[in-house]
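A.B. asks: okay, sequence plus prediction incoming.
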Amino acid sequence: AQSVTQLGSHVSVSEGALVLLRCNYSSSVPPYLFWYVQYPNQGLQLLLKYTSAATLVKGINGFEAEFKKSETSFHLTKPSAHMSDAAEYFCAVSDEGTGGFKTIFGAGTRLFVKA
Amino acid sequence: GAGVSQSPSNKVTEKGKDVELRCDPISGHTALYWYRQSLGQGLEFLIYFQGNSAPDKSGLPSDRFSAERTGGSVSTLTIQRTQQEDSAVYLCASSISLRGANVLTFGAGSRLTVL
């Protein structure tokens, strides 16, 4: 079964600083990988996804993630944090099971942005 | 509908009572998923449906939990004899199908509090 591990339940950065949220996956086959974001009092929404077309994936709001097979990583980055980026971020992987794929989520990383 | 709709948004119940949580997916989405999000935890997979069939029920925590889907549309998650540890936000999501690269669209969730 596939799984993802997110390093750090909380990350705090200053406004304008680099955002780096870490995610490692375990998969015996080329994975489908995702980052979802949950803003305060809102539902989860897709930030970006990796489906093997390109190793560097760009998402909404200036976020991007790079798939590194040798490191089994899919870290999320943004060059300059904005106050509105404060949210919880979930890394996820598709796991093929009985009858289809289910999406397995990591424990989440809460991002705090300081003024 | 335009989005995934869940009801009730909030439910407070007494220990031992049964509860039903409803999910109305996006029209045309054949796949439907239920997750549970507890405080400080990630998203725990419960069950998914392809049409009215549930190929994978492995995530249901106990036999007190059950789910059904009718008409390839609305789904109900039922928790019998609720316990305090069932308190959580229950999230429903839908997607076009059960393919690995598919993106999930989430509802706002049903917050369950068991007293």
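C.D. replies: Yes, it's here. Numbering: from 1, shown residues only, chains lettered A, B, ... in the order given.

A.B. asks: alpha carbons only: can I get stretch B:7-14 in PDB?
C.D. replies: Only the C-alpha atoms of stretch B:7-14 are listed here, as PDB (Å, rounded to 0.1, in the frame of the first residue of the first chain):
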ATOM      1  CA  SER B   7     -25.600  17.900   5.800                       C
ATOM      2  CA  PRO B   8     -25.800  18.500   8.600                       C
ATOM      3  CA  SER B   9     -22.900  20.900   8.900                       C
ATOM      4  CA  ASN B  10     -22.900  20.400  12.700                       C
ATOM      5  CA  LYS B  11     -24.400  17.600  14.800                       C
ATOM      6  CA  VAL B  12     -24.300  17.300  18.500                       C
ATOM      7  CA  THR B  13     -25.500  14.000  19.900                       C
ATOM      8  CA  GLU B  14     -25.500  12.000  23.100                       C
END
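
A.B. asks: got the buried residues for it?
C.D. replies: B:11, B:13 (16 or more other CB atoms under 10 Å in any protein chain shown). Just so you know, the C-beta spots here come from the backbone N, C-alpha and C atoms, and that holds for glycine as well.

A.B. asks: in its sheet, what does the helix or strand bottoming out on mean pLDDT in chain A sit against?
C.D. replies: In chain A, no helix or strand scores lower on mean pLDDT, DSSP states H and E than strand A:100-105, which sits at a mean of 87. Paired strands of strand A:100-105, with direction, are strand A:87-97 (antiparallel) (DSSP bridges).

A.B. asks: can you give me how far the partner strand is from the chain middle?
C.D. replies: Relative to the centre of its chain, strand A:87-97 is centred 8 Å away, using CA atoms, centre = their mean, to the nearest Å.
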